[in-house]
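Student: A predicted structure for the sequence below; I have some questions about it.
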Amino acid sequence: MTDTAQNPGFDPLAGVDENGTMAAKDYDSILLASFGGPEGQDDVIPFLRNVTAGRGIPDERLEEVATHYRANGGISPINEQNRALLEALRTELAARGIDLPVYWGNRNWEPYIPQTLEQIYADGHRKMLTVATSAYSSYSSCRQYREDLGMALRSTGLEGKLEADKIRQYFNHPGFVAPFAEGLSAGLAEIRAELAAAGRADGRLHIFFATHSIPTSDAEAAGPRPVAAELQEKTGLAPGEGNGADVYSAQHLDVAEEILRRVPEAAGIEWSLVYQSRSGAPHVPWLEPDINDAIEQLAAAPAGADENQREGERRGERATHGEGSDAGPLAGVLVVPLGFVSDHMEVMWDLDTEAKETAENLGLAFRRTPTPGTHPAFVSGLVDIVEERLGRREGRAAVGCFGAWNDVCAPNCCVKVMRDGTVRPTVAAFDSEVGVPTR
Ligand SMILES: CC1=C(CCC(=O)O)c2cc3nc(cc4[nH]c(cc5[nH]c(cc1n2)c(C)c5CCC(=O)O)c(CCC(=O)O)c4C)C(CCC(=O)O)=C3C
Ligand SMILES: [Fe+2]
C-alpha cells in the first residue's frame, strides 16, 4: 500500500479504516490551502502562467481571462476572502478553546504552499491538517490539493518529517449547505418582489445551480470508482454528460436537492445543474451545458417543450427538474453558485457579469445568491470537521445521500496522468507518495 521507506518518520496511513476514515490525531497546526490570485496588474500574466502550466489552455483564453482580472485592477478578490476566512477560523477555534495556529498557502500565488510548509516546520510543528477552499471531488478540487502538498513535501525536503493530512471534501456538510439555502430563500423573495413591481408577479422562474465545468475525463476519474459505477447503474447513463452519472456532478445534484429541501418556498420551481468557466481547447469535451447557453435555450423554448426538458424526462428528470415550466414564458433566473466557496473571480465575472448580461439581454430578471464566504455556519462547519479529526467530536455530520466523504482517498481517486506519463506524489490517499508511471 504505502511506501513507508520514503516516509521514515511515520506511517501516514496509521489508523485508517477501509472506508478511508482516519483515526483522530493530535494535530499541531492547520493549513488553509487555496487557489491564490494576483494582487496587482503585474501579477496577472505570471499568475495565469502558474495556473495553466502544461495544461494546453489556448492563448486566446488566457488573454480573455486576463481582461477579467485587469478590469478589477489586476486584483483577484480571492486573497482578501481567504484573509477573512483565516481570521474567522482563528476566532472560531479560539472560541472553542482549540489552540492551533492557522497558516495560509496557495497553489498559484504567494504565499505558496511550499514556503508555508517550511514556515510550519520551522515553527516546530510536525502534524498538520489541511483545510482546502474546495468542497467537491475532482482533480482540480481535491486531488490537485493533495498533489500540491505531496510535491511541496518533496521540493522542501520535508517528506517524512512533516505529517500532512487533509480534511474530507465537505460539499455535503450541513455548514456548507446552510448558507446556500439561506441565500436561495432570500434571493427568491427578492426576485419575486422585483417581478411583482414590474407587474409580472406570476412570472415563471428557473433556478440554475452553477458550478465550475471540468473536462469530462476529469469528471469520469472523480471520486472512488465503485461509487461512480453505482451511479451509472442507477441512472443508466454514461458519465461525463453533466447528467449526474459522474461523481462530481452527482455530488452537486445531491447538494442542490438538499438546498431545495431546506427552502420550501422553492417547491415547484424548475431547476437544473449548469456549468461555467470552461477553459480547455474546443476539441476537448468539458461538462455541459454552459450556463449562458442554458439561459438562452430556456428563454427561447416554449415552456415545457425544450430540448433540455425532453432530455430530462428521458433521463429520469436529471437535466431539468420541477413543475413550474407550464406557467408561461420565462421571467427570471436565480443562480445558486453551489460549486464555490467564496465570491472570487469565477463568480464575479462569469456569473455576475457574463451570465447576468445574457439574462438581461433576454429581458429576464437575474439574481445570484451568495457563496458561503465567512458565513458563521460555514466557518463553524469547518471547525466541526477539524474537531472530528482531533477526536473532539462524535459522529461525522453529512446531509444528502452519500454520507460523510472519506478523509483518505481511494487509489487513483481523481487521478490525472501528466503529459510525461507520470502521476504526481500526493498525500491523504491509500496510494500516497507514489510518483511513478501508472499507465
Ligand atoms: C473545479 C474548479 C474549481 C472549483 C473548485 C475550487 O475552488 O478549487 C476552480 C476554481 C477556481 N479557478 C480559478 C481560476 C482559474 N481557473 C483556471 C482554469 C481551470 N480551472 C479548473 C477547474 C476549477 N477551478 C480547470 C479544470 C481549469 C483548466 C486548467 C487546469 O486544469 O488548471 C484558470 C486559467 C484560465 C482559465 O482558463 O480560466 C484560472 C485563472 C479560481 C481563482 C479565482 C480568482 O482569482 O478569484 C478559482 C477559485
Ligand atoms: Fe479525490
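Tutor: Looks like it came in fine. Numbering: from 1, shown residues only. Ligands and ions are numbered 1, 2, ... in the order given.

Student: from here on, contacts and neighbour counts on C-alpha atoms
Tutor: Fine.

Student: ok, now how distant is the residue lying closest to Ala23 once chain neighbours are set aside from Tyr112?
Tutor: Excluding the flanking residues, the one nearest Ala23 by C-alpha to C-alpha, 6 or more residues apart in numbering is Gly15, at 5.0 Å. Per C-alpha to C-alpha, to the nearest Å, Gly15 is found 30 Å from Tyr112.

Student: do the same with Val341
Tutor: Distance, Val341 to Tyr112, by C-alpha to C-alpha: 20 Å.

Student: now swap in Glu163 and tell me
Tutor: 18 Å.

Student: tell me the contacts of Cys409?
Tutor: Applying C-alpha atoms under 8 Å, 6 or more residues apart in numbering, we find Cys409 in contact with 20, 223-224, 428-430.

Student: which residues make contact with stretch 348-358 from outside it?
Tutor: By C-alpha under 8 Å, 6+ apart, the surrounding residues in contact with stretch 348-358 are 68, 276-277, 291-292, 295-296, 335, 366-368.

Student: now the helices for the stretch 151-300 of the chain?
Tutor: Secondary structure of the stretch 151-300 of the chain by DSSP state H, counting those that start in this stretch: the helices cover 174-197, 216-221, 225-235, 247-262, 291-300.

Student: lowest mean pLDDT across those helices, which one is that?
Tutor: When those are compared by mean pLDDT, helix 225-235 comes last with a mean of 71.

Student: could you give the number of residues near Ser277?
Tutor: Ser277: 17 surrounding residues under other C-alpha atoms under 10 Å.

Student: hmm, Gly339 and it touching each other?
Tutor: No. The pair Ser277 / Gly339 is not scored as a contact, 11.5 Å apart, by C-alpha atoms under 8 Å.

Student: now do the shared contacts for these two.
Tutor: Shared contacts of Ser277 and Gly339, defined by C-alpha under 8 Å, 6+ apart, are found at His212.

Student: ok, back up a step: tell me which of the helices of the stretch 151-300 of the chain sits nearest to ligand 1.
Tutor: helix 216-221 (7.8 Å; C-alpha to the nearest ligand atom).

Student: circling back to that earlier point, write the PyMOL selection for whichever of the contacts of stretch 348-358 are buried.
Tutor: Of the contacts of stretch 348-358, the buried ones go into a single PyMOL selection, burial set by 16 or more other C-alpha atoms under 10 Å:
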select buried, resi 68+276+277+291+292+295+335+366+367+368
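
Student: which two of the contacts of stretch 348-358 have the greatest separation?
Tutor: Within these, His68 and Glu296 form the most distant pair, 22.5 Å apart (C-alpha to C-alpha).

Student: let me know the closest of the contacts of Cys409 to ligand 2.
Tutor: Using C-alpha to the ion, Gly223 comes nearest to ligand 2 of these, at 5.1 Å.

Student: tell me the pLDDT of that closest one.
Tutor: Looking at Gly223, its pLDDT is 86.

Student: now swap in Arg168 and tell me
Tutor: 97.

Student: wait, what's in contact with it?
Tutor: Contacts for Arg168 (C-alpha under 8 Å, 6+ apart) come out as 404-408.

Student: now list the buried members of those residues.
Tutor: The neighbour-count test (16+ other C-alpha under 10 Å) marks 404-408 as buried among the contacts of Arg168.

Student: out of those, which are close to ligand 2?
Tutor: Among the buried ones among the contacts of Arg168, none lies close to ligand 2 by the criterion of C-alpha under 5 Å from the ion.

Student: which ones among the residues you listed are found in strands?
Tutor: The members of these all map outside strands under DSSP state E.

Student: reformat the residues you listed as TSV; add distance to ligand 1 and pLDDT.
Tutor: Below are the buried ones among the contacts of Arg168 laid out as TSV (distance: C-alpha to the nearest ligand atom, whole Å; pLDDT from 0 to 100):
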residue	distance to ligand 1	pLDDT
Ala404	19	95
Trp405	16	95
Asn406	18	95
Asp407	17	95
Val408	18	93
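
Student: all good on my end, thank you.
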